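Asker: Have a look at this prediction, sequence included:
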Amino acid sequence: MLIESVELRQIEMELVEPFETSGWRETLRPAIIVILNSRGKMGYGECVAGAGPWYSSETVGTAWHVLTDFAIPLVLGKEVVNAEDVQTKLKSIRGHNMAKAALEAALWDLQGKLQNQSLQQMLGGTKSKIDSGISIGIQKSPAELLSVIKKRVEQGYRRIKIKIKPGWDLEIVKQIRKEFPDLALMADANAAYTPNDLKIFKELDAFNLLMIEQPLDYDDIVEHAKLQKQLKTPICLDESIKSLEDARAALELGACKIINIKPARVGGLWNARKIHDLCQANQIPVWCGGMLETGIGRAANVAMASLPNYKFPNDLSASSRYWKQDIIDPEFVLNSDATLTVPTGPGLGVTVIPERLDRFTRREQKFQK
Ligand code: OSB
Ligand code: MG
């Protein structure tokens, strides 16, 4: 595929409700949409780097810089065979996984459209529907959180993830368990605790949580291994796993029993699949995390989550959980069995609506050789 031209759109969309974690709060969600053109087809990829360096060191600003100054020049006007080839071309760039993942995602979509294959087929996904869960941010009060959970359960979500932080943890979980004793419930700390907090995790062990996500520091593996040995509840790593090498280290040390794979965090779908395969070979189940994506990023994640070792409900909810109106058609809707349907059309299998993309665009740049 000759990459004839590239276009970047930095967009901004308002979340239907603010999203708050242990470390940050967001109401306006930025994204960069990467568009690759070849033989009259357009491939779309989404960069999920946030407004600030809170979840990871990348931001929408660093991603724009790395894409425009370094990554795009390595593929523009070049023949690109597949995602692996994109990664080989980008190899001189260290880090910046989210920027690379966006470019690679656009290539998958383009390739699918040119070769008339769905992303799911290209990745080797097997399920026609993926289990959908929902991630609920920190609320103003415990009562508010309970009412949000009730609403989401009534909408059909069967796995609820709450965000925890010191002071918003044990008591909250206790109250939720009182009202929802059998709910598939898990807690994500976004790295808010230290090894000194062992007592809190020991107490959380009594509440039959599905897993505890990223309790300790974002780049830690060793302390998670020590903590996991003292807990019944499985630890799931998110922030700590940025590469296949991190996954290997976590498995060898026993730092977790589950991995949340976000393709963007690990540099793209190509690496995500390698981590999936490594985990599968080691009987470590995985699931797909989310980054409050638009429908473009969500479609790619949904295809990825259709691979066989995705064994837990994913942070891939209906479009309406995030946006008043998504930028794709059809939007993702929650099926009555708490699943999302995997698109089967070529590439991402969803149509980007140009007027909506225009409406949310805050900056754009076109690149032609
Ligand atoms: O830690 O999983 C996380 C959103 C943004 C950044 C980090 C995280 C999240 C979520 C929401 O939990 C997942 C989603 O529904 O997209
Ligand atoms: Mg997380």
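Answerer: Perfect, I can see it now. Since the structure is predicted, the reported quantities are computational estimates derived from the model, not experimental observations. Numbers count the residues shown, from 1 in each chain. Ligands and ions are numbered 1, 2, ... in the order given.

Asker: which bits of the stretch 101-250 of the chain sit near ligand 2?
Answerer: By the criterion of Cβ under 5 Å from the ion, the positions of the stretch 101-250 of the chain lying close to ligand 2 are D188, E213, D238. The way it works is simple: take the backbone N, C-alpha and C, and place the C-beta from them, glycine included.

Asker: quick one, what contacts G125?
Answerer: With contacts taken as Cβ atoms under 8 Å, 6 or more residues apart in numbering, G125 has the following neighbours: L119, A303, M304, A305, S306, L307, V342.

Asker: what do you get for D337?
Answerer: Neighbours of D337 in contact, by Cβ under 8 Å, 6+ apart: K129.

Asker: And it, which helix or strand is it part of?
Answerer: Element membership for D337, per DSSP states H and E: none, as it lies in no helix or strand.

Asker: so what's whatever residue of the chain ends up closest to ligand 1 closest to, chain neighbours aside?
Answerer: Among all residues of the chain, G290 sits closest to ligand 1, at 2.3 Å; criterion: Cβ to the nearest ligand atom. Closest residue to G290 in three dimensions, ignoring its sequence neighbours and counting by Cβ to Cβ, 6 or more residues apart in numbering: D315, at 3.8 Å.

Asker: To what extent is the one you found buried, counted in neighbours?
Answerer: Using other Cβ atoms under 10 Å as the criterion, D315 is surrounded by 25 other residues.

Asker: Also V333?
Answerer: V333: 11 surrounding residues under other Cβ under 10 Å.

Asker: May I ask you to confirm that L316 is in contact with A300?
Answerer: No - using Cβ atoms under 8 Å, L316 is not in contact with A300; the gap is 10.3 Å.

Asker: quick one: which of those two has more around it?
Answerer: Comparing L316 with A300 by other Cβ under 10 Å, the one with more neighbours is A300, at 34 against 27.

Asker: Specify the local secondary structure of the more buried one.
Answerer: The three-state label given to A300 by DSSP: H, G, I helix; E, B strand; the rest coil is helix.

Asker: who's in contact with the residue lying closest to it once chain neighbours are set aside?
Answerer: In this structure, A300 finds its nearest non-sequential neighbour in A105, 5.1 Å apart by Cβ to Cβ, 6+ apart. A105 is in contact with V34, Y44, G45, E46, P263, G268, L269, G297, A300, counting by Cβ under 8 Å, 6+ apart.

Asker: Of the residues of the stretch 101-250 of the chain next to ligand 2, which is the most crowded?
Answerer: Of these, E213 is surrounded by the most neighbours, 28 neighbours in total, counting by other Cβ under 10 Å.
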